[in-house]
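> need a 3D model of the following:
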Amino acid sequence: MKDLGFTVRIFKEGSTFVAHVPELDISSCGDTEAGARRNIVDAVAGFVETAKQAGTLREILEEAGYRLENGRWHEPELVGVEHMSVGLG
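Numbers count the residues shown, from 1 in each chain. As a prediction, this is how the structure comes out:
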């Protein structure tokens, strides 16, 4: 497989940086933002390898909104990110 693209959200929880891939619902963390970035790449790579070995990668990617075209997986198109809120009553 060629490269698999994905979106990463990085936020802070206390002194820890958390990286989250919403398409695949995978998270990792690090003591620094750069560490969280490195760790999420490792986490996604491990997830992909495990899914390949289990024979479920195609199904997982399709359910996550990826599409296969000409032998390459294309991630879902991100059309916006917004901060929204609702009242708590």
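> mind listing what the residue most central in space within the chain touches?
By Cα atoms, centre = their mean, the mean C-alpha position of the chain lies nearest to residue 21, the distance being 2.3 Å. By Cβ atoms under 8 Å, 6 or more residues apart in numbering, the residues touching residue 21 are 6-9, 27, 40, 44. Where you see a C-beta, it was placed from the backbone N, CA and C, and this is true even at glycine.
> again, 6 Å this time
6, 8 (Cβ atoms under 6 Å, 6 or more residues apart in numbering).
> low-confidence stretches in the protein?
Low-confidence segments of the chain (pLDDT under 70): 1.
> ranges for the helices of it?
With DSSP state H as the criterion, the chain has helices at 33-54, 57-63.
> what count of nearby residues applies to residue 42?
Residue 42 has 10 neighbours, counted by other Cβ atoms under 10 Å.
> and the gap between residue 53 and residue 47?
From residue 53 across to residue 47, the span is 11 Å (Cβ to Cβ, to the nearest Å).
> who has more neighbours, these two?
Between residue 53 and residue 47, counting by other Cβ under 10 Å, residue 47 is the more crowded of the two (16 against 9).
> thanks again, I'm all set now.
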